[in-house]
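# pasting the structure only:
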């Protein structure tokens, strides 16, 4: 089974428990671990919304959109078009349900696909990839593809290799058949530069790096 197939199975199985971290319902994770994860998820959620700013007139792509919380919140914030893509069908089922509940289904579209297979008709103004690069075996390939999909900001998170929880999280996921990749600051900067992105913000919040990057000036998108 490929890494993509493993991730699709794992995250479909974990979909309801993962979304409970947003809704506040207790999932399968223990209470104390859930509190830690919710804090990190809250940090990156607020960071992304602030970095995007006003959404009116923007086309936004959410890569690894999971249960669609970013997509739905953005669609509810103004006149925008939001596309969410994910490997896990179970996650997308929740996303579609949430969009209907918030009455924003006309501004949200969810696609079951691998990001490398996604070829939209036109690039996006903003690409969001929060909690996504944790599970990417070849980040440069994916970042280069995202450059071809993005005319404006890339907003992303990367799990920090040196955080105290990193080795425990890696063992936990490995035992459950889920791949995890960790990063150093210099590695994130080098990956962005090689993919054609210029880093404008890179900050560490606990166990994650939060990134804002833009297409490097004077360069076109690499071939998809």
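Received, thanks. Just so we're clear, the structure is a prediction, and the values are computed from it rather than from any experiment. Residues are numbered from 1 along each chain as shown.
# give me the neighbour count for the residue nearest to residue 160 when sequence neighbours are not counted.
Distances taken as C-beta to C-beta, 6 or more residues apart in numbering put residue 207 closest to residue 160, at 5.3 Å, once the chain neighbours are dropped. Where you see a C-beta, it was placed from the backbone N, CA and C, and this is true even at glycine. By the measure other C-beta atoms under 10 Å, the count of residues near residue 207 is 21.
# need the pLDDT of residue 207.
pLDDT for residue 207: 91.
# which ones are touching residue 48?
Applying C-beta atoms under 8 Å, 6 or more residues apart in numbering to residue 48 gives the contacts 70, 128, 130, 155.
# can we see that at 10 Å?
62, 70, 73-74, 126, 128-130, 153, 155-157, 210, 212 (C-beta atoms under 10 Å, 6 or more residues apart in numbering).
# and the gap between the residue nearest to residue 160 and residue 168?
To residue 168, residue 207 is 11 Å away according to C-beta to C-beta, to the nearest Å.
# next helix or strand past the lowest-mean-pLDDT helix or strand in the chain?
Lowest on mean pLDDT, DSSP states H and E among the helices and strands of the chain sits helix 31-52, with a mean of 77. Next in sequence after helix 31-52, counting helices and strands by DSSP states H and E, comes strand 59-63.
# need the next SSE after the host helix or strand of residue 174, C-terminal direction.
Residue 174 belongs to helix 166-175 when assigned by DSSP H and E. Where DSSP H and E defines the elements, the next helix or strand beyond helix 166-175 is helix 185-195.
# shaky segments in this protein?
Counting by pLDDT under 70, the chain has low-confidence residues at 24-38, 218-224.
# now do the strands in it.
For the chain, the strands defined by DSSP state E occupy 59-63, 81-86, 108-112, 124-129, 150-159, 197-205, 208-215.
# of the ones you listed, which is nearest residue 137?
Residue 137 lies closest to strand 150-159 among the strands of the chain, at 14.0 Å (C-beta to C-beta).
# please name every helix or strand in contact with that closest one.
Contact here means 3 or more C-beta pairs under 10 Å, 6 or more residues apart in numbering; DSSP states H and E; on that basis strand 150-159 packs against helix 31-52, strand 59-63, strand 124-129, helix 139-149, helix 166-175, helix 185-195, strand 197-205, strand 208-215.
# thanks a lot, catch you later.
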